[in-house]
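**Student:** Structure here, sequence nowhere to be found:
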């Protein structure tokens with residue numbers, strides 16, 4: 001196996017290595033070197049960003065024995081070249097992975113919850129536990145994890161054979177690992193097989209924050225942020241909270257109370273608006289019915305208003321059909337859109353759905369529904385406004401047909 005320096009010295013970011021092979025592949029040249037500091041990806045952790053002989057690594061492949069890096073330039077077999085991994089990316093990935101070990105290990109110790117899934121992306125990290133933990137339990141887990149950081153516990157490594165594993169207490173063992181197997185230990189928090197990179201000691205993680213969680217299958221999925229990601233999460237949320245507080249002319253500590261107060265006021269205003277809208281629609285519906293033309297199949301109440309949305313015309317059409325044996329065709333312009341609602345009373349023999357399809361064609365709109373009610377919308381244009389009277393005539397003809 002190639003020498004994987006990141007296994008035992010994850011803080012080492014550069015090394016020299018001999019080129020063992022170089023093959024042309026679809027996206028460039030795949031280079032194999034005999035030692036490396038560039039982590040290729042594995043165990044849920046993304047690959048490092050780095051260079052081989054000054055050329056950016058575009059992809060990495062690990063076959064278990066050798067690691068192959070894809071670059072855009074061929075190298076000569078036997079050349080000694082420099083490998084370098086980006087410090088910022090290595091630190092970020094190492095902070096996340098080390099934090100994950102602490103949280104997963106403590107979840108097992110404190111609650112008996114096993115890690116059954118782990119994924120680290122460039123901007124988020126998730127852990128899946130096999131049992132549900134509530135907010136209070138997760139808060140206790142987060143607090144215990146940060147206590148491990150404050151103690152600045154060393155993170156240690158050991159390469160052991162299969163025969164030694166049975167004598168070592170582990171939280172989790174990789175079933176794929178063969179031969180010499182790497183054990184990562186954080187005293188008092190975790191010990192398990194792992195191929196990823198880690199910080200030197202837990203203090204280097206900085207902070208661990210559980211930023212969200214949801215019930216997932218039989219357990220819980222946790223979104224975790226460590227190190228700079230945790231700081232960025234705090235900074236973003238603090239900025240948003242400060243902006244909300246400023247909008248309410250209050251301190252950030254009072255922001256939640258201010259939002260809840262406005263939410264209650266808004267709910268009360270919506271209830272009052274709904275009541276007033278219903279009263280208005282009742283009044284308008286009765287007036288419109290008085291003025292409506294009679295047809296063979298009932299009254300045709302046709303309305304086109306310059307200002308109104310779908311909720312309003314829906315209520316108005318329902319009230320029209322409640323108070324009379326009628327077919328309601330209610331249109332309203334709202335900004336750049338015309339909304340329409342078509343509805344019939346129980347005793348009216350006409351299909352609102354069929355008429356809606358004809359209206360869609362006339363207005364170049366979209367919509368549909370059943371025989372008893374249908375609705376749609378269209379963009380406002382000179383042609384669509386001009387077509388309203390033609391639509392009224394068309395509906396009148398349908399209702400007058402024998």
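**Tutor:** Yep, it's here. Bear in mind that the values here come from a model prediction, so they are computed numbers and not experimental data.
**Student:** Could you tell me how many residues sit around residue 172?
**Tutor:** 18 (other C-beta atoms under 10 Å). Glycine gets a C-beta too; all of them are placed from N, C-alpha and C.
**Student:** ok, it to residue 118 distance?
**Tutor:** Separation of residue 172 from residue 118 (C-beta to C-beta, to the nearest Å): 10 Å.
**Student:** quick one: the helices in the stretch 51-200 of the chain?
**Tutor:** 87-111, 135-150, 162-165 (DSSP state H, counting those that start in this stretch).
**Student:** and residue 27, which of those is closest to it?
**Tutor:** Within the helices of the stretch 51-200 of the chain, the stretch nearest residue 27 is helix 87-111; the backing value is 20.4 Å (C-beta to C-beta).
**Student:** Mind listing what's buried along that closest one?
**Tutor:** 89-108, 111 (16 or more other C-beta atoms under 10 Å).
**Student:** shared neighbours, residue 172 and residue 118?
**Tutor:** Shared contacts of residue 172 and residue 118, defined by C-beta atoms under 8 Å, 6 or more residues apart in numbering, are found at residue 104.
**Student:** Export the helices of the stretch 51-200 of the chain to CSV and append columns for distance to residue 373.
**Tutor:** Formatted as CSV, the helices of the stretch 51-200 of the chain follow (distance: least, C-beta to C-beta, whole Å):
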stretch, distance to residue 373
helix 87-111, 53
helix 135-150, 44
helix 162-165, 69
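**Student:** Can you list the residue ranges for strands in the stretch 301-402 of the chain?
**Tutor:** For the stretch 301-402 of the chain, applying DSSP state E, counting those that start in this stretch gives strands covering 326-334, 337-344, 366-369, 373-379.
**Student:** contacting residues around the first one?
**Tutor:** Residues lying outside strand 326-334 but in contact with it, judged by C-beta under 8 Å, 6+ apart, are 289, 292, 295, 297-309, 312-313, 316-317, 320-321, 338-345, 348, 350, 352, 355, 380, 388, 391-392, 395, 399.
**Student:** Equivalent analysis for the second one, please.
**Tutor:** Around strand 337-344, the neighbours that count as contacts under C-beta under 8 Å, 6+ apart are 298, 308-310, 313-314, 316-318, 320-321, 326-333, 350, 352, 355-356, 359, 363, 365, 367, 369, 371-380, 384-385.
**Student:** Please repeat the previous calculation with a cut-off of 6 Å.
**Tutor:** Identification of contacts with strand 337-344 by C-beta atoms under 6 Å, 6 or more residues apart in numbering yields 310, 313-314, 317, 321, 327-332, 350, 352, 355-356, 372-378, 380, 384.
**Student:** Report the buried members of these.
**Tutor:** 310, 313-314, 317, 321, 327-332, 350, 352, 355-356, 372-378, 384.
**Student:** does the closest residue to residue 142 other than its chain neighbours have beta-bridge partners, and which?
**Tutor:** Nearest non-adjacent residue to residue 142, counting by C-beta to C-beta, 6 or more residues apart in numbering: residue 210, 4.9 Å away. Assessed by DSSP bridges, residue 210 has beta-bridge partners residue 224.
**Student:** Tell me who's in contact with residue 210.
**Tutor:** Contacts of residue 210 (C-beta under 6 Å, 6+ apart): 138, 142, 222, 224.
**Student:** Relative to residue 394, how far out is it?
**Tutor:** According to C-beta to C-beta, residue 210 and residue 394 sit 61 Å apart.
**Student:** ditto for residue 99
**Tutor:** Residue 99 is 67 Å from residue 394, by C-beta to C-beta.
**Student:** Centroid-nearest residue for the protein?
**Tutor:** residue 124 (10.4 Å; C-alpha atoms, centre = their mean).
**Student:** Ramachandran angles for that residue?
**Tutor:** phi -160, psi 160 (degrees, to the nearest 10).
**Student:** pLDDT value on it, please?
**Tutor:** According to the prediction, residue 124 has pLDDT 94.
**Student:** same question, the one 5 residues further on
**Tutor:** Each residue has a pLDDT score; the one for residue 129 is 97.
**Student:** ok, now residue 372?
**Tutor:** Per-residue pLDDT puts residue 372 at 95.
**Student:** Residues contacting stretch 295-306, please?
**Tutor:** Under the contact criterion C-beta under 6 Å, 6+ apart, stretch 295-306 has outside partners 288, 292-293, 320, 324-333, 348-350, 388, 392, 396, 399-400.
**Student:** Now it: buried residues?
**Tutor:** Residues of stretch 295-306 classed as buried by neighbour count (16+ other C-beta under 10 Å): 295, 297, 298, 299, 300, 301, 302, 303, 304.
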